[in-house]
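>>> coords below, sequence missing:
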Ligand SMILES: O=P(O)(O)OC[C@@H](O)[C@@H](O)c1c[nH]c2ccccc12
(Lines give C-alpha, C1' and ligand atoms only; values in the text may rest on other atoms or scores of the structure.)
Protein backbone atom coordinates (compact mmCIF):
# COMPACT_ATOMS: atom_id res chain seq x y z
CA UNK A 1 0.00 0.00 0.00
CA UNK A 2 1.21 3.47 -0.89
CA UNK A 3 2.09 5.76 2.05
CA UNK A 4 -0.68 8.20 1.11
CA UNK A 5 -3.35 5.51 1.15
CA UNK A 6 -2.04 4.22 4.45
CA UNK A 7 -2.03 7.72 5.97
CA UNK A 8 -5.68 8.28 5.03
CA UNK A 9 -6.71 4.86 6.29
CA UNK A 10 -5.19 5.73 9.62
CA UNK A 11 -6.80 9.19 9.74
CA UNK A 12 -10.12 7.60 8.92
CA UNK A 13 -9.80 5.02 11.66
CA UNK A 14 -9.17 7.75 14.22
CA UNK A 15 -11.83 10.10 12.81
CA UNK A 16 -9.14 12.63 12.01
CA UNK A 17 -8.68 15.14 9.23
CA UNK A 18 -5.51 15.76 7.24
CA UNK A 19 -3.37 18.86 7.55
CA UNK A 20 -1.01 19.07 4.60
CA UNK A 21 1.45 21.97 4.56
CA UNK A 22 3.02 23.08 1.29
CA UNK A 23 6.58 24.34 1.18
CA UNK A 24 8.80 25.60 -1.63
CA UNK A 25 11.92 23.49 -2.04
CA UNK A 26 15.08 25.59 -2.07
CA UNK A 27 13.55 28.63 -0.40
CA UNK A 28 16.07 29.44 2.33
CA UNK A 29 18.56 27.14 0.57
CA UNK A 30 18.25 23.51 -0.43
CA UNK A 31 20.27 22.42 2.56
CA UNK A 32 17.45 23.32 4.92
CA UNK A 33 14.87 21.25 3.06
CA UNK A 34 15.36 18.05 5.06
CA UNK A 35 15.29 19.90 8.39
CA UNK A 36 12.08 21.69 7.44
CA UNK A 37 10.40 18.44 6.48
CA UNK A 38 11.42 16.87 9.79
CA UNK A 39 10.03 19.90 11.63
CA UNK A 40 6.70 19.78 9.79
CA UNK A 41 6.32 16.11 10.64
CA UNK A 42 7.19 16.82 14.27
CA UNK A 43 4.58 19.60 14.41
CA UNK A 44 1.92 17.12 13.26
CA UNK A 45 1.66 17.38 9.46
CA UNK A 46 -0.23 14.45 7.91
CA UNK A 47 1.76 14.69 4.67
CA UNK A 48 3.86 17.39 3.01
CA UNK A 49 3.54 18.97 -0.41
CA UNK A 50 6.95 20.05 -1.71
CA UNK A 51 6.98 22.62 -4.52
CA UNK A 52 9.53 22.70 -7.33
CA UNK A 53 10.41 26.30 -8.22
CA UNK A 54 9.57 27.29 -11.77
CA UNK A 55 9.96 30.56 -13.67
CA UNK A 56 6.38 30.66 -14.96
CA UNK A 57 4.14 29.36 -12.19
CA UNK A 58 0.71 30.17 -13.61
CA UNK A 59 -1.32 28.94 -10.64
CA UNK A 60 0.76 30.70 -8.02
CA UNK A 61 0.12 34.01 -6.28
CA UNK A 62 2.78 36.51 -5.17
CA UNK A 63 3.92 34.73 -1.97
CA UNK A 64 4.71 31.46 -3.70
CA UNK A 65 6.04 33.18 -6.80
CA UNK A 66 8.53 35.10 -4.69
CA UNK A 67 9.53 31.92 -2.85
CA UNK A 68 10.11 30.27 -6.23
CA UNK A 69 12.27 33.18 -7.37
CA UNK A 70 14.36 32.98 -4.21
CA UNK A 71 14.79 29.25 -4.70
CA UNK A 72 15.80 29.61 -8.36
CA UNK A 73 18.19 32.42 -7.48
CA UNK A 74 20.04 30.21 -5.08
CA UNK A 75 20.48 27.57 -7.76
CA UNK A 76 17.78 25.05 -6.83
CA UNK A 77 17.28 22.33 -9.45
CA UNK A 78 14.81 19.48 -9.76
CA UNK A 79 17.67 17.00 -9.53
CA UNK A 80 18.94 18.66 -6.35
CA UNK A 81 15.47 18.56 -4.81
CA UNK A 82 15.01 14.88 -5.57
CA UNK A 83 18.41 14.12 -4.03
CA UNK A 84 17.49 15.97 -0.84
CA UNK A 85 14.10 14.24 -0.67
CA UNK A 86 15.84 10.89 -0.96
CA UNK A 87 17.94 11.84 2.09
CA UNK A 88 14.82 13.04 3.90
CA UNK A 89 13.10 9.70 3.40
CA UNK A 90 15.38 8.11 5.99
CA UNK A 91 14.09 10.49 8.65
CA UNK A 92 10.57 11.42 7.54
CA UNK A 93 7.85 8.82 7.57
CA UNK A 94 4.78 10.79 6.40
CA UNK A 95 3.91 10.95 2.68
CA UNK A 96 5.83 13.40 0.52
CA UNK A 97 4.04 14.83 -2.51
CA UNK A 98 6.00 16.67 -5.14
CA UNK A 99 4.23 19.58 -6.84
CA UNK A 100 5.73 20.61 -10.15
CA UNK A 101 4.64 22.16 -13.41
CA UNK A 102 5.13 20.09 -16.56
CA UNK A 103 8.05 22.01 -17.94
CA UNK A 104 10.68 20.94 -15.39
CA UNK A 105 9.52 17.33 -15.94
CA UNK A 106 9.98 17.63 -19.71
CA UNK A 107 13.41 19.14 -19.22
CA UNK A 108 14.35 16.28 -16.89
CA UNK A 109 12.85 13.61 -19.13
CA UNK A 110 9.58 11.89 -18.24
CA UNK A 111 11.00 8.38 -17.75
CA UNK A 112 13.98 9.61 -15.78
CA UNK A 113 11.69 11.73 -13.63
CA UNK A 114 9.38 8.85 -12.76
CA UNK A 115 12.28 6.57 -11.95
CA UNK A 116 14.07 9.21 -9.87
CA UNK A 117 11.09 10.25 -7.75
CA UNK A 118 10.17 6.65 -7.14
CA UNK A 119 13.71 5.80 -6.05
CA UNK A 120 13.69 8.82 -3.75
CA UNK A 121 10.62 7.49 -1.95
CA UNK A 122 8.28 10.25 -3.12
CA UNK A 123 4.68 9.10 -2.78
CA UNK A 124 2.68 11.40 -4.98
CA UNK A 125 2.89 14.10 -7.57
CA UNK A 126 0.76 17.16 -8.35
CA UNK A 127 1.12 18.58 -11.85
CA UNK A 128 -1.30 21.52 -12.05
CA UNK A 129 -0.88 22.20 -15.77
CA UNK A 130 -1.40 18.56 -16.80
CA UNK A 131 -4.94 18.08 -18.07
CA UNK A 132 -6.92 14.88 -17.95
CA UNK A 133 -6.61 14.66 -21.74
CA UNK A 134 -2.82 14.85 -21.62
CA UNK A 135 -2.13 12.70 -18.61
CA UNK A 136 -1.61 9.48 -20.59
CA UNK A 137 1.95 10.57 -21.21
CA UNK A 138 2.88 10.20 -17.56
CA UNK A 139 0.00 8.78 -15.48
CA UNK A 140 0.49 5.10 -16.46
CA UNK A 141 4.20 5.35 -15.74
CA UNK A 142 3.62 6.82 -12.30
CA UNK A 143 0.96 4.26 -11.57
CA UNK A 144 3.26 1.42 -12.59
CA UNK A 145 5.79 2.37 -9.91
CA UNK A 146 3.10 3.22 -7.35
CA UNK A 147 3.53 6.99 -7.23
CA UNK A 148 0.09 8.61 -7.03
CA UNK A 149 -0.88 11.35 -9.44
CA UNK A 150 -2.95 13.77 -7.38
CA UNK A 151 -5.60 15.38 -9.53
CA UNK A 152 -7.28 18.74 -9.07
CA UNK A 153 -10.85 19.92 -9.44
CA UNK A 154 -12.00 23.54 -9.20
CA UNK A 155 -15.32 25.34 -8.73
CA UNK A 156 -15.52 25.65 -12.53
CA UNK A 157 -15.07 21.92 -13.20
CA UNK A 158 -18.37 20.48 -14.52
CA UNK A 159 -19.91 17.71 -12.42
CA UNK A 160 -19.38 15.05 -15.11
CA UNK A 161 -15.72 15.89 -15.18
CA UNK A 162 -15.49 15.84 -11.38
CA UNK A 163 -16.86 12.30 -11.54
CA UNK A 164 -14.40 11.32 -14.24
CA UNK A 165 -11.40 12.84 -12.47
CA UNK A 166 -12.23 11.48 -9.05
CA UNK A 167 -12.69 7.96 -10.35
CA UNK A 168 -8.98 7.86 -11.12
CA UNK A 169 -6.02 7.29 -8.90
CA UNK A 170 -5.62 6.31 -5.30
CA UNK A 171 -4.18 9.14 -3.27
CA UNK A 172 -6.61 11.98 -2.70
CA UNK A 173 -8.47 14.53 -4.74
CA UNK A 174 -7.38 18.15 -4.44
CA UNK A 175 -10.38 20.49 -4.41
CA UNK A 176 -9.19 23.97 -5.30
CA UNK A 177 -11.46 26.32 -3.36
CA UNK A 178 -11.34 29.27 -5.77
CA UNK A 179 -11.10 30.23 -9.41
CA UNK A 180 -7.92 32.24 -8.87
CA UNK A 181 -4.30 31.77 -7.82
CA UNK A 182 -2.72 30.49 -4.60
CA UNK A 183 -2.74 32.82 -1.62
CA UNK A 184 -5.99 34.52 -2.64
CA UNK A 185 -8.48 35.25 0.13
CA UNK A 186 -11.49 32.97 -0.07
CA UNK A 187 -15.08 33.60 0.87
CA UNK A 188 -16.33 31.04 3.34
CA UNK A 189 -19.76 30.96 1.79
CA UNK A 190 -22.54 28.64 0.67
CA UNK A 191 -21.13 28.39 -2.82
CA UNK A 192 -17.86 26.99 -1.49
CA UNK A 193 -19.61 24.52 0.81
CA UNK A 194 -21.90 23.29 -1.93
CA UNK A 195 -18.92 22.83 -4.27
CA UNK A 196 -17.17 20.74 -1.60
CA UNK A 197 -20.36 18.78 -0.95
CA UNK A 198 -20.63 17.95 -4.65
CA UNK A 199 -16.99 16.88 -4.85
CA UNK A 200 -17.32 14.78 -1.70
CA UNK A 201 -20.46 13.11 -2.95
CA UNK A 202 -18.81 11.93 -6.17
CA UNK A 203 -15.30 11.21 -5.03
CA UNK A 204 -14.35 7.73 -3.88
CA UNK A 205 -11.07 9.33 -2.81
CA UNK A 206 -10.47 11.51 0.24
CA UNK A 207 -10.98 15.18 -0.67
CA UNK A 208 -8.57 17.87 0.51
CA UNK A 209 -9.40 21.55 0.14
CA UNK A 210 -6.65 24.00 -0.73
CA UNK A 211 -6.04 27.64 -1.79
CA UNK A 212 -6.55 30.63 0.44
CA UNK A 213 -6.59 28.75 3.75
CA UNK A 214 -4.47 30.31 6.47
CA UNK A 215 -6.14 30.19 9.89
CA UNK A 216 -7.67 27.86 12.46
CA UNK A 217 -11.26 29.09 12.12
CA UNK A 218 -11.27 28.45 8.39
CA UNK A 219 -9.69 25.04 8.84
CA UNK A 220 -12.22 23.96 11.45
CA UNK A 221 -15.11 25.17 9.31
CA UNK A 222 -13.84 23.53 6.12
CA UNK A 223 -13.18 20.28 7.95
CA UNK A 224 -16.95 19.78 8.08
CA UNK A 225 -17.04 19.49 4.30
CA UNK A 226 -13.89 17.57 3.38
CA UNK A 227 -11.19 15.23 4.62
CA UNK A 228 -8.57 17.84 5.31
CA UNK A 229 -6.79 20.93 4.05
CA UNK A 230 -3.64 22.05 2.25
CA UNK A 231 -2.03 25.27 3.46
CA UNK A 232 0.64 26.84 1.25
CA UNK A 233 1.28 30.58 1.17
CA UNK A 234 0.97 30.99 4.94
CA UNK A 235 3.51 28.23 5.61
CA UNK A 236 5.90 29.67 3.01
CA UNK A 237 5.60 33.07 4.68
CA UNK A 238 6.22 31.72 8.18
CA UNK A 239 9.34 29.82 7.05
CA UNK A 240 10.63 32.87 5.23
CA UNK A 241 10.14 35.08 8.27
CA UNK A 242 11.51 32.36 10.53
CA UNK A 243 8.40 32.40 12.74
CA UNK A 244 8.69 28.88 14.04
CA UNK A 245 6.42 29.41 17.04
CA UNK A 246 3.63 30.60 14.79
CA UNK A 247 4.23 27.66 12.48
CA UNK A 248 3.94 25.26 15.40
CA UNK A 249 0.80 27.04 16.54
CA UNK A 250 -0.78 26.85 13.07
CA UNK A 251 -0.08 23.12 12.79
CA UNK A 252 -1.34 22.46 16.30
CA UNK A 253 -4.87 22.61 14.85
CA UNK A 254 -4.37 19.02 13.81
CA UNK A 255 -5.11 17.96 17.38
CA UNK A 256 -8.52 19.63 17.21
CA UNK A 257 -9.08 18.22 13.75
CA UNK A 258 -8.69 14.76 15.18
CA UNK A 259 -11.73 15.26 17.36
CA UNK A 260 -14.00 15.68 14.37
CA UNK A 261 -15.98 12.99 12.72
O1 LIG B 1 -1.02 29.00 -1.03
P2 LIG B 1 -2.39 28.58 -0.65
O3 LIG B 1 -3.40 29.61 -1.04
O4 LIG B 1 -2.46 28.16 0.78
O5 LIG B 1 -2.78 27.30 -1.57
C6 LIG B 1 -2.12 26.00 -1.46
C7 LIG B 1 -1.07 25.88 -2.44
O8 LIG B 1 -0.12 26.87 -2.19
C9 LIG B 1 -0.31 24.60 -2.81
O10 LIG B 1 -1.08 23.46 -2.72
C11 LIG B 1 0.14 24.89 -4.23
C12 LIG B 1 1.17 25.69 -4.54
N13 LIG B 1 1.26 25.84 -5.91
C14 LIG B 1 0.23 25.15 -6.47
C15 LIG B 1 -0.14 25.04 -7.80
C16 LIG B 1 -1.26 24.30 -8.08
C17 LIG B 1 -1.97 23.64 -7.09
C18 LIG B 1 -1.58 23.72 -5.75
C19 LIG B 1 -0.50 24.52 -5.42
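Nice, thanks for sending it over. Predicted, not measured: the structure shown is a model, and the values here were computed from it. Numbers count the residues shown, from 1 in each chain.
>>> got the residues of this structure near the ligand?
With C-beta under 6 Å from any ligand atom as the criterion, the chain comes near the ligand at residues 22, 49, 51, 59-60, 64, 99, 126, 128, 182-183, 210-213, 230-233. For the C-beta atoms, the positions are set from N, CA and C on the backbone; glycine is no exception.
>>> give me the residue from this structure nearest the ligand.
residue 232 (2.1 Å; C-beta to the nearest ligand atom).
>>> Surely that residue is in contact with residue 182?
Yes. Using C-beta atoms under 8 Å, residue 232 is in contact with residue 182, at 5.4 Å.
>>> thinking again about what came up before, please flag which of the residues of the chain next to the ligand sit within strands.
Counting by DSSP state E, these place 22, 49, 51, 99, 126, 210, 230, 231 in strands.
>>> Any chance of TSV for those residues, columns pLDDT and distance to residue 79?
Listed next are those as TSV, based on pLDDT from 0 to 100; distance: C-beta to C-beta, whole Å:
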residue	pLDDT	distance to residue 79
22	98	21
49	98	19
51	98	16
99	98	17
126	98	19
210	97	27
230	98	25
231	98	27
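>>> Quickly list what's touching both of residue 232 and residue 182.
Listed contacts common to residue 232 and residue 182 are 63, 64, 211; contacts here mean C-beta atoms under 8 Å, 6 or more residues apart in numbering.
>>> show me what contacts the second one?
Put plainly, it is residue 64. By C-beta under 8 Å, 6+ apart, the contact set of residue 64 is 24, 51, 57, 182, 183, 232, 233, 236.
>>> Apply 10 Å and report the result again.
Contacts for residue 64 (C-beta atoms under 10 Å, 6 or more residues apart in numbering) come out as 22-24, 27, 51, 53, 57, 99, 181-183, 232-233, 236-237.
>>> Identify the residue nearest it in space, chain neighbours excluded?
Once flanking residues are discounted, residue 64 sits nearest to residue 182: 5.2 Å by C-beta to C-beta, 6 or more residues apart in numbering.
>>> try residue 45
Nearest residue to residue 45, sequence neighbours excluded (C-beta to C-beta, 6+ apart): residue 21, at 5.2 Å.
>>> so that neighbour makes contact with residue 231?
Yes. Applying C-beta atoms under 10 Å, one finds residue 21 in contact with residue 231, separated by 5.6 Å.
>>> which neighbours do those two share?
Residues touching both residue 21 and residue 231 (C-beta under 10 Å, 6+ apart) are 45, 49, 238, 250, 251.
>>> hmm, who's touching the lowest-mean-pLDDT helix or strand in the chain?
Sorting the helices and strands of the chain by mean pLDDT, DSSP states H and E puts helix 253-257 at the bottom, at a mean of 84. By C-beta under 10 Å, 6+ apart, the residues outside helix 253-257 that reach it are 11, 15-19, 43-46, 215-220, 223, 228-229, 231.
>>> Of the residues you listed, which belong to helices?
Assigned to helices by DSSP state H, the following of the contacts of helix 253-257 qualify: 11, 216, 217, 218, 219, 220.
>>> and which of the residues you listed is nearest to residue 148?
Set against residue 148, the nearest of the ones in helices among the contacts of helix 253-257 by C-beta to C-beta is residue 11 (15.7 Å).
>>> burial of the closest one, as a residue count?
Close neighbours of residue 11, defined as other C-beta atoms under 10 Å, add up to 21.
>>> before we move on, the earlier item: which of the shared contacts of residue 21 and residue 231 has the most neighbours?
Among the shared contacts of residue 21 and residue 231, the one with the most neighbours (other C-beta under 10 Å) is residue 49, at 25 neighbours.
>>> beta partners of it?
residue 22, residue 97 (DSSP bridges).
>>> show me what contacts the closest residue to residue 228 other than its chain neighbours?
Among residues not flanking residue 228 along the chain, residue 18 sits closest, at 2.8 Å (C-beta to C-beta, 6+ apart). Residue 18 sits next to 4, 7-8, 11-12, 45-47, 95, 172, 206-208, 223, 226-230, 254, 257 when contact means C-beta under 10 Å, 6+ apart.
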